[in-house]
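Peer 1: no sequence for this one, just the structure:
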């Protein structure tokens with residue numbers, strides 16, 4: 001069945017979550033990479049714990065909590081000014097260079113596109129606007145109305161329901177292998193954008209395609 005919709009994860013997939021490293025390194029010489037990695041790991045860990053325990057909190061506030069934890073764990077002196085600078089950087093993460101090219105190709109082909117993200121609505125609107133992607137997306141969908149996080153199956157269903165498409169008519173794209181696993185378990189065809197060259201998670205999941213950039217989506221849909 002041909003695809004009518006491509007759903008993209010945002011953070012890590014369209015937006016480089018590690019583009020905060022330079023700002024972190026400037027604030028904490030020699031610790032920038034470690035801070036960026038721990039900040040991201042804690043951010044995702046907190047979404048999982050909150051989803052499991054039905055303790056929803058906006059993704060932006062979780063991002064703040066994760067930053068505070070990471071700095072304390074690494075024994076970094078997080079002053080209010082440095083905290084504000086790091087969070088400002090996260091609000092406007094650098095977009096990957098091939099994003100617009102791929103989104104434009106999908107638009108020309110008649111395939112609808114949307115973000116389906118853990119980010120809350122305000123956070124996503126700011127990031128998408130800063131990345132100049134607004135004109136190339138049919139929707140930016142947040143888990144906020146559901147008050148949960150991926151990999152809750154309701155999140156993936158929400159993306160389908162919004163566009164009124166069947167599961168086999170949609171393709172889900174993420175750079176986060178855990179997200180690819182959740183979407184595949186749900187029943188979606190998935191493309192894993194494995195930018196870091198990581199091994200596949202041992203969760204009995206195989207995406208329909210794997211690549212190191214969004215161009216893998218075009219290859220999967222025979223649009224390249």
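Peer 2: Sure, I can see it. Everything numeric here is computed off the predicted structure, so don't read it as measured data.

Peer 1: can you give me the strands for this structure?
Peer 2: For the chain, the strands defined by DSSP state E occupy 5-8, 112-117, 139-142, 170-174, 189-193, 209-211.

Peer 1: now the shortest one, how far from the centre of its chain.
Peer 2: Remark: strand 209-211 is offset 16 Å from the chain centroid, using Cα atoms, centre = their mean, to the nearest Å.

Peer 1: please apply the same query to the third one.
Peer 2: Centroid displacement of strand 139-142 relative to its chain, using Cα atoms, centre = their mean, is 12 Å.

Peer 1: stretch 209-223: how far from the chain's middle?
Peer 2: The answer for stretch 209-223 is 17 Å, by Cα atoms, centre = their mean.

Peer 1: now do the buried residues in it.
Peer 2: Of the residues in stretch 209-223, those buried under the neighbour-count criterion (16 or more other Cβ atoms under 10 Å) are 209-211, 213-218, 220-221. C-beta coordinates here come from the backbone N, C-alpha and C atoms, glycine included.

Peer 1: contacting residues for residue 177?
Peer 2: Shown in contact with residue 177 (Cβ atoms under 8 Å, 6 or more residues apart in numbering): 192, 194, 198, 200-201.

Peer 1: now do the lengthiest helix in the chain, average pLDDT.
Peer 2: Ranked by residue count, the top helix of the chain under DSSP state H comes out as helix 32-53. Averaging pLDDT along helix 32-53 yields 98.

Peer 1: which helices and strands sit right next to it?
Peer 2: Contacts defined by 3 or more Cβ pairs under 8 Å, 6 or more residues apart in numbering; DSSP states H and E place helix 32-53 against helix 21-27, helix 59-73.

Peer 1: list the buried residues of the longest one.
Peer 2: The neighbour-count check on helix 59-73 (16+ other Cβ under 10 Å) flags 59-60, 62-64, 66-67, 69-71 as buried.

Peer 1: before we move on, back to that, which one of the contacts of residue 177 sits closest to residue 80?
Peer 2: Nearest to residue 80 among these: residue 198, at 35.2 Å, using Cβ to Cβ.

Peer 1: just want the phi and psi numbers for the closest one.
Peer 2: phi -90, psi 160 (degrees, to the nearest 10).

Peer 1: contacts only, for residue 144.
Peer 2: By Cβ under 8 Å, 6+ apart, the neighbours of residue 144 are 58, 120-121.

Peer 1: one step back: which residues sit against the longest helix of the chain?
Peer 2: 12, 17-18, 20-26, 28, 55-57, 59, 62-63, 65-67, 69-71, 73-74, 76, 118, 148-150, 152, 176, 178.

Peer 1: between that helix and helix 59-73, how big is the angle?
Peer 2: 130 degrees (axes from the mean of the first three to the mean of the last three Cα atoms, to 10 degrees).
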